[in-house]
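Q: Mind folding the following:
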Amino acid sequence: SAHKITSSERFQSLKSLISPNDENSLNDDEIYDYEITMGSKLAKTYCDLIGISTYFSTKGTSDGREFKELISTVKKLPDLTDFQLRVRNESQFILSKPNGRSMIVMPTGSGKTRTTIESVFHYTMYTETSPTIIWIADRDELCEQAYQSFKQIFVNMCLDLPDEIRPDSINMWRYWGGLDRRSNTLIETLTQGVYVTSVQTLQARMRNQNAEIERILSLASIAIVDEAHRNLDFLEELDIRFRNSENQTKLYGLPATPLRRDRNESSRLHHVFDNNILCPIEGAEYDIEIMINELTERKILSKRIDLDPHDLIDLQLITASNEEKQYLQKVVQIIQRVIERGRKSILVFTKDVEHARIIASALKISEMNIVSEYIDASTPVDKRKGIIRSFRNAETDVLLNFGILTTGFDAPNTDAVIICRPLDQEDSLFKQMIGRGLRGSEFGGTEDCIIVHFEEEY
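A: Numbers count the residues shown, from 1 in each chain. Model (predicted):
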C-alpha cells in the first residue's frame, strides 16, 4: 500500500501521477488505497518521489553477481636496488622540511616513477596519517600511467608494513581530461588521498578559481610535477602558492635534466627547487650521461643501440600507390629488418589502433611467418593478459600496441623497441616507451636493446 507522504507538495505530485486528468481525479483516501504495480514506471517514480531506493519498486531481489570473474593476483614488486634506495633515503630528509623542495633526476629505465612514488609513500606512511598527494603530468597518457603506478605501489608497500601503521585504504581521483566532470562530486567529499591531474586541467581550473581545485590545492601536503622543465611559468606560480600554503606543501620535480640549454631556464628551475637535486649516482647530479654509463656498466640498464629507420627501408620494395599504404609497408620492412638482426621480442608503438591491426596481420601472412599480435584499449582484459603472457614467454615475436604499454608493462625479454610516432626524443612519453626495452640483465632484462624511431608522416 502507498506510504503516506507528509509533504503536501509531494502528495500533489503523486496525485497528478496517478490521476493526471482533473475530471477523473481521485480523492485523498482513494490515493492512499491506490495499488501501484510492482516493476512499473509509476512504482519507480514513486520511490524517487518519496526518497527511497528504486530497489523497492521491483518484486523480489535481483542477484547482481557476475557469472564469470577474472581474479588477478597482486604481483610483488622487487625490492628497490641500492641506487634507488639512495634516492628514497635522501628524499626523507627533504620531505621532513617545511616547504621541502627537490628535483629527482634518474635516467629512463631506472625506475624514476616508482622510486619517486615509493619515496613519498614511505615518508607519509610513517609520518602522516592522512596525506594528500598531487601528481601533475603534461598529457593524458602520462596521467593514467601515474595513476596505475600509485595503485600498484600502494598495494605492494602495504604488504610489508607493520599493522600499527598500515592504512586500510586510500582515496584516489582521476582529475584530468574532463574525468572530474563525470561525477557529481561534492566539494566536502574531496578528502585526503592521491589526486592525479594534468597541467592543462589544473591551469584551467585555477584560472577560473574552481572551488574543487581550490580545495584540493589547500589539502596538498606533497605535490610532484612530472616533466618539471616544461611550463616553467606555471611551475613558478605553483611554487609561490605552495610556499604560502597553510600546509607548507612540499614540491618534487622530475625534469629530464637539471641543466637546460637556456641558462635562464636552468636558473629558474633550480630556484624553484632550492638547488636540491637527488640522483642515484654520487657526483652525477648535473650529467645524466654519467648516470646512464654507470648503470649500463652495472647492467642495470640495457645498452641502447639506435638504428636509423631509413637504413632499414628498401624503397624499391615499396609497391603501394597510396601514401598510407606506403607508410605501412615501410613499417613492416623495418620490423622485418630488425628481426633479421636477431631480435626475438620486439615491441612496436604505432600511431593509431588501426595501424596496429593492419601491421600485425601483414606480418602474420608475410613469407617470414612472423608471430605477431596487437592490443589496444578495447582488447578484453583476459585476452590482453594472454597476449602479453605469450610475448613475455617469447612465444610472440612482435607485439604492437597503441597507447597502453608505455609503463607498468613487464616483459624483460624485450630486445627491440620501434616507435612509429612523431615524438620529441626529450618527451617523457618517448622515454617511457624506450624504457620498456632498457631493463638490463641485472634487472632480469637484456644485454642490449635496439631502438628505432620512425617519425615519418604521410
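Q: Show the model's pLDDT score for residue 60.
A: If you check residue 60, the pLDDT there is 59.
Q: can you check residue 287 too?
A: pLDDT, residue 287: 85.
Q: Then the one 10 residues further on?
A: Model confidence at residue 297, expressed as pLDDT, equals 94.
Q: same question, residue 120
A: 95.
Q: Over to residue 290?
A: So residue 290 comes in at 90 (pLDDT).
Q: all helices for the stretch 51-200 of the chain, in order.
A: 82-96, 112-127, 140-159, 199-207 (DSSP state H, counting those that start in this stretch).
Q: nearest to residue 322, of those helices?
A: Closest to residue 322 of the helices of the stretch 51-200 of the chain is helix 140-159 (Cβ to Cβ; 29.0 Å). The way it works is simple: take the backbone N, C-alpha and C, and place the C-beta from them, glycine included.
Q: Provide the contact partners of that closest one at residue level.
A: If you take Cβ atoms under 8 Å, 6 or more residues apart in numbering as the criterion, helix 140-159 is touched by 74, 76-77, 113-114, 117-118, 121-122, 125, 133, 135, 137, 166-167, 170, 172, 174, 176-177, 194, 196-198, 226-227, 403, 406-408, 428-429, 432.
Q: Now residue 439. Its backbone dihedrals?
A: phi -80, psi 120 (degrees, to the nearest 10).
Q: hang on, isn't it packed against residue 412?
A: Yes. Counting by Cβ atoms under 8 Å, residue 439 sits close enough to residue 412 to count as a contact (5.1 Å).
Q: Can you check which residues contact both of these two?
A: Common neighbours of residue 439 and residue 412 (Cβ under 8 Å, 6+ apart) are 445, 446.
Q: So which of those two has more stuff around it?
A: residue 439 (24 against 17; other Cβ atoms under 10 Å).
Q: low-confidence ranges in the stretch 151-300 of the chain?
A: 180-189 (pLDDT under 70).
Q: what's the closest residue in space to residue 102 that isn't next to it in sequence in contact with, if anything?
A: Once flanking residues are discounted, residue 102 sits nearest to residue 276: 3.9 Å by Cβ to Cβ, 6 or more residues apart in numbering. For residue 276, the contact set (Cβ under 8 Å, 6+ apart) comprises 94, 101, 102, 103.
Q: Filter the residues you listed down to just the buried residues.
A: Buried members of these, scored by 16 or more other Cβ atoms under 10 Å, are 94, 101, 102, 103.
Q: now, among those, which is nearest to residue 451?
A: Of those, the one sitting nearest to residue 451 (Cβ to Cβ) turns out to be residue 103, at 25.7 Å.
Q: how close does the closest one sit to residue 316?
A: Computed as Cβ to Cβ, to the nearest Å, the residue 103 to residue 316 distance reads 50 Å.
Q: Okay, and the beta partners of the nearest residue to residue 173 once chain neighbours are set aside?
A: Distances taken as Cβ to Cβ, 6+ apart place residue 195 nearest to residue 173, at 4.9 Å, with adjacent residues excluded. Beta bridges link residue 195 to residue 134, residue 173 when assigned by DSSP bridges.
Q: Just to check, residue 195 is in contact with residue 137?
A: No. Between residue 195 and residue 137 there is no contact under Cβ under 8 Å: 11.7 Å.
Q: one step back: from residue 256, how far out is the residue nearest to residue 173?
A: 24 Å.
Q: for residue 366, same thing?
A: Applying Cβ to Cβ to residue 366 and residue 256 gives a distance of 38 Å.
Q: So between the two, which is more surrounded?
A: Between residue 366 and residue 256, counting by other Cβ under 10 Å, residue 256 is the more crowded of the two (19 against 13).
Q: helix/strand/coil for the nearest residue to the more buried one once chain neighbours are set aside?
A: Once flanking residues are discounted, residue 256 sits nearest to residue 426: 5.6 Å by Cβ to Cβ, 6+ apart. Put simply, residue 426 is coil when judged by DSSP: H, G, I helix; E, B strand; the rest coil.
Q: Next, count neighbours for residue 426.
A: That count, for residue 426 with other Cβ under 10 Å as the rule, works out to 12.
Q: Kindly report the same for residue 219.
A: 21.
Q: ditto for residue 71
A: Neighbours around residue 71, by other Cβ under 10 Å: 4.
Q: Over to residue 126?
A: Neighbours around residue 126, by other Cβ under 10 Å: 11.
Q: before we move on, what about residue 232?
A: 16.
Q: Going by secondary structure, the nearest residue to it once chain neighbours are set aside is in what exactly?
A: Distance criterion Cβ to Cβ, 6+ apart; nearest residue to residue 232, sequence neighbours excluded, is residue 268 at 5.4 Å. Residue 268 is part of helix 263-272, with elements assigned from DSSP states H and E.
Q: Also residue 373?
A: strand 372-375.
Q: Give me the mean pLDDT for that strand.
A: 92.
Q: which residues sit against it?
A: Contacts for strand 372-375 (Cβ under 8 Å, 6+ apart): 356-357, 359-360, 363-364, 383-384, 387-388, 390-391, 396-401, 404-405.
Q: roughly how far apart are the residue nearest to residue 256 and residue 296?
A: Distance of residue 426 to residue 296, given as Cβ to Cβ: 20 Å.
Q: thinking again about what came up before, give me the buried subset of the contacts of strand 372-375.
A: Judged by 16+ other Cβ under 10 Å, buried ones among the contacts of strand 372-375: 356, 359-360, 363, 384, 387-388, 391, 396-401, 404-405.
Q: between the residues you listed, which is nearest residue 219?
A: residue 404 (30.9 Å).
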